[in-house]
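Colleague: need coordinates for the following:
(one chain, ligands or ions: 2)
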Amino acid sequence: MEKIIVRGGHQLQGTVKVEGAKNAVLPVIAASLIASEGKSVIKDVPELADVYTINQVLENMNASVHFDNNTVTVDASNRLTTEAPFEYVRKMRASVLVIGPLLARYGHAKVAMPGGCAIGSRPIDLHLKGFEAMGAKTHVGNGFVELYVDKRLKGAKIYLDMPSVGATENIMMAAALAEGKTVLENCAKEPEIVDLANYLNKMGAKIVGAGTETIRIEGVDKLYGTEHSIIPDRIEAGTFMVAAAITEGNVFIENAVPEHLRSVISKLEEMNVIVQEEKNGLRVIGPKQLKATDIKTLPHPGFPTDMQSQMMALMLVAQGTSVITETVFENRFMHVEEFRRMNAKMKIEGHSVIIEGPCNPQGAEVAATDLRAAAALILAGLIADGVTRVTELKHLDRGYVDFAGKLAGLGADVERVDEHGNSVLPYVHVEPINRSIAAKLS
Ligand SMILES: CC(=O)N[C@H]1[C@@H](OP(=O)(O)OP(=O)(O)OC[C@H]2O[C@@H](n3ccc(=O)[nH]c3=O)[C@H](O)[C@@H]2O)O[C@H](CO)[C@@H](O)[C@@H]1O
Ligand SMILES: C=C(OP(=O)(O)O)C(=O)O
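Modeller: Ligands and ions are numbered 1, 2, ... in the order given. Predicted coordinates for the structure are as follows:
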């Protein structure tokens with residue numbers, strides 16, 4: 001079993017470059033299924049396990065997919081099959097994003113039910129309600145959800161009970177090729193929604209209002225392959241902002257987009273961190289003494305749940321009592337137990353965690369419970385006394401390209417090793433063919 005070994009006590013300095021956003025590229029690749037003519041060329045694609053998974057989902061449906069040099073090319077002009085089996089959906093919930101494109105193009109989609117995961121139950125009822133409003137019939141059975149529509153989806157007025165990112169994306173993709181107009185209200189406003197709408201519009205769709213709470217979509221008859229560059233990953237950027245802050249470092253985070261990170265910047269500033277906007281990125285300077293604060297996770301532009309565990313690591317060493325309240329996912333505190341193994345003083349009360357700081361973090365053997373928890377435990381390791389060993393790196397590889405290598409490049413003592421303690425190449429440097437096989441097997 002591979003581990004990341006962190007020896008704490010190094011200030012981070014230098015420049016780190018942010019990759020394309022995982023949460024933007026997954027729906028964009030899924031949306032490529034909708035182009036019945038021409039190739040889709042997607043640039044600035046990060047080499048993540050999740051990208052390999054979504055590529056396999058598409059290949060399994062008979063689309064031709066090529067991934068090289070941070071560019072994914074999809075040719076979906078063949079006749080596709082319309083099923084996504086459990087082996088993919090189990091690994092990555094975003095696999096359900098193929099439903100919208102398939103249903104719109106073929107009037108049929110069959111996808112394994114995603115089930116719960118380490119951060120909550122994560123149903124897809126809002127996706128299904130949206131498709132049903134557009135005329136689809138839904139059947140759930142034998143672990144699958146199957147959707148049909150006679151002839152073509154019809155545009156509809158749809159109100160989302162909550163601003164779900166995935167439901168907004170799935171319905172927007174379906175509506176792009178539906179007959180007539182769709183008005184989607186109370187939708188998610190994340191930058192990744194805007195990126196997907198821009199991509200669909202380049203394919204020939206007519207979508208306005210993405211990034212606001214009402215999106216209007218005029219359905220078109222056909223969509224075509226196009227070229228698109230993925231926006232930078234605001235969560236990877238935020239994670240490195242915390243890395244700089246927690247180590248009293250001074251790091252330039254290249255490609256970080258300040259407009260995507262307002263809530264994170266504001267909370268870091270409340271904690272005494274200096275954040276400077278520079279050309280093409282953000283500089284973050286960690287203070288001698290961090291100050292406690294409170295955070296409530298919310299849909300964008302509120303504080304992102306995907307930054308919650310990293311901020312918890314920062315609060316361990318802040319002066320005073322901090323409170324984090326999680327409102328997006330029902331159970332995203334699995335990492336609290338792992339932080340406690342590192343001497344954190346934390347208490348869970350309902351949907352909140354109370355963190356008594358500053359503690360004196362101690363190195364320990366800890367297990368990543370989800371993707372962001374993996375990063376957060378490594379961040380805590382950067383300032384812990386002694387050695388921290390983080391296992392369950394399959395979570396980390398879903399969302400961070402060479403996290404250990406990038407931290408080491410900033411001066412951290414971080415190394416990825418195999419079960420014998422030998423240094424190993426990060427996921428990104430393993431030969432593509434082996435990565436692809438590894439993704440299939442894991
Ligand atoms: C690949 C991707 O982009 N993942 C992101 C996406 O996940 P995802 O799209 O799954 O997140 P959603 O915004 O849909 O989920 C938000 C909340 O709504 C609930 N819900 C959602 C859909 C539904 O049909 N019914 C329902 O009850 C979920 O259980 C959750 O409690 O947005 C999340 C919230 O910002 C991020 O943490 C994830 O990193
Ligand atoms: C929860 C996350 O992703 P996913 O929705 O793909 O599980 C995340 O990126 O932190």
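
Colleague: what helix or strand is the residue nearest the centre of the chain located in?
Modeller: The chain has residue 23 as the residue nearest its centroid, 4.1 Å off, counting by CA atoms, centre = their mean. Assigned by DSSP states H and E, residue 23 belongs to helix 22-31.

Colleague: quick one: contacts of the following helix or strand past that helix?
Modeller: Using DSSP H and E, the next helix or strand after helix 22-31 towards the C-terminus is strand 39-43. Residues from elsewhere that reach strand 39-43 (CB atoms under 8 Å, 6 or more residues apart in numbering): 20, 25, 28-29, 32, 70-76, 203, 225-230. To be clear about C-beta, it is placed using only N, CA and C from the backbone, and glycine gets the same treatment.

Colleague: smallest gap between the protein and ligand 2, at which residue?
Modeller: residue 306 (3.9 Å; CB to the nearest ligand atom).

Colleague: re the thing from before, can I get the helix holding residue 23 in PDB, CA atoms only?
Modeller: Taking C-alpha atoms only, helix 22-31 is exported to PDB below (Å, rounded to 0.1, in the frame of the first residue of the first chain):
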ATOM      1  CA  LYS A  22     -11.500  18.300 -12.000                       C
ATOM      2  CA  ASN A  23     -15.100  19.400 -11.400                       C
ATOM      3  CA  ALA A  24     -15.200  21.300 -14.700                       C
ATOM      4  CA  VAL A  25     -13.500  18.700 -16.900                       C
ATOM      5  CA  LEU A  26     -15.700  15.800 -15.800                       C
ATOM      6  CA  PRO A  27     -19.000  17.300 -17.000                       C
ATOM      7  CA  VAL A  28     -17.300  18.700 -20.100                       C
ATOM      8  CA  ILE A  29     -16.000  15.300 -21.100                       C
ATOM      9  CA  ALA A  30     -19.400  13.800 -20.400                       C
ATOM     10  CA  ALA A  31     -21.000  16.600 -22.500                       C
END
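
Colleague: stretch 62-79 - what's its average pLDDT?
Modeller: The average pLDDT within stretch 62-79 is 96.

Colleague: correct me, but the residue of the chain closest to ligand 2 touches residue 370?
Modeller: No. Judged on CB atoms under 8 Å, residue 306 makes no contact with residue 370 at a distance of 9.8 Å.

Colleague: for these two, indicate the residue with more neighbours.
Modeller: residue 306 (25 against 22; other CB atoms under 10 Å).

Colleague: do the helix holding residue 23 and ligand 1 meet?
Modeller: Yes. Shown here: helix 22-31 in contact with ligand 1 (CB under 6 Å from any ligand atom) through 23, 26.

Colleague: got a list of contacts for that helix?
Modeller: Residues external to helix 22-31 that are found in contact with it (CB under 8 Å, 6+ apart): 42, 45-46, 48, 50-51, 54-55, 57-58, 72, 74, 92, 94, 97-98, 100-101, 165, 169, 173, 190-192, 195-196, 199-200, 203, 228, 230-231, 233, 235-236, 306, 398-399.

Colleague: please redo it, this time with the cut-off set to 6 Å
Modeller: The contact list for helix 22-31 (CB atoms under 6 Å, 6 or more residues apart in numbering) reads 42, 45, 48, 50, 54, 94, 97-98, 101, 169, 173, 192, 195-196, 199, 230-231, 399.

Colleague: near ligand 1, which residues of the stretch 101-250 of the chain show up?
Modeller: Proximity of the stretch 101-250 of the chain to ligand 1, by CB under 6 Å from any ligand atom, involves residues 120, 122-127, 162, 164-167, 188.

Colleague: between those residues, which is closest to residue 341?
Modeller: residue 120 (22.7 Å; CB to CB).

Colleague: quick one: that closest one and residue 129, what's the gap?
Modeller: Distance, residue 120 to residue 129, by CB to CB, to the nearest Å: 19 Å.

Colleague: can you give me the neighbour number for residue 111?
Modeller: Neighbours of residue 111 using other CB under 10 Å come to 25.

Colleague: and the pLDDT at it?
Modeller: Per the predicted model, pLDDT is 95 at residue 111.

Colleague: what's the neighbour count on the closest residue to it other than its chain neighbours?
Modeller: On the basis of CB to CB, 6 or more residues apart in numbering, the spatially nearest residue to residue 111 that is not a chain neighbour turns out to be residue 84, at 4.4 Å. Neighbour count for residue 84, taken as other CB under 10 Å: 26.

Colleague: isn't residue 84 up against residue 57?
Modeller: Yes. Between residue 84 and residue 57 there is a contact under CB atoms under 6 Å: 5.4 Å.

Colleague: what's the overlap in contacts for those two?
Modeller: Taking CB under 6 Å, 6+ apart as the contact rule, residue 84 and residue 57 both touch residue 95.

Colleague: hang on, the residue of the chain closest to ligand 2 packs against residue 235?
Modeller: Yes. Using CB under 6 Å, residue 306 is in contact with residue 235, at 4.6 Å.

Colleague: how far off centre is the strand or helix carrying residue 313?
Modeller: Per DSSP H and E: residue 313 is located in helix 308-315. Helix 308-315 sits 17 Å away from the centroid of its parent chain (CA atoms, centre = their mean, to the nearest Å).

Colleague: packing partners of that helix?
Modeller: The contact analysis (3 or more CB pairs under 6 Å, 6 or more residues apart in numbering; DSSP states H and E) places helix 308-315 against helix 234-246, helix 371-381.

Colleague: which helices and strands sit right next to the shortest one?
Modeller: It stands for helix 371-381. Secondary structure elements in contact with helix 371-381, counted by 3+ CB pairs under 6 Å, 6+ apart, are strand 3-7, helix 234-246, helix 308-315, helix 335-341, strand 387-391, helix 394-399.

Colleague: worst average pLDDT in these?
Modeller: Note on the helices and strands packed on helix 371-381: helix 394-399 shows the lowest mean pLDDT, a mean of 94.

Colleague: please save the CA atoms from it in PDB.
Modeller: Taking Å, rounded to 0.1, in the frame of the first residue of the first chain, the C-alpha atoms of helix 394-399 are listed here in PDB:
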ATOM      1  CA  LYS A 394      -6.600   6.400  -4.100                       C
ATOM      2  CA  HIS A 395      -8.700   9.300  -2.800                       C
ATOM      3  CA  LEU A 396      -5.900  11.900  -3.400                       C
ATOM      4  CA  ASP A 397      -5.200  10.700  -6.900                       C
ATOM      5  CA  ARG A 398      -8.900  11.400  -7.900                       C
ATOM      6  CA  GLY A 399      -8.400  15.100  -7.500                       C
END
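
Colleague: list the buried residues for the helix or strand following it?
Modeller: Per DSSP H and E, helix 394-399 leads on to helix 403-409 as the next helix or strand towards the C-terminus. The neighbour-count check on helix 403-409 (16 or more other CB atoms under 10 Å) flags 403-404, 406-407 as buried.

Colleague: farthest-apart pair in those residues, please.
Modeller: Using CB to CB, the two most remote members of those are 404 and 406, lying 7.4 Å apart.
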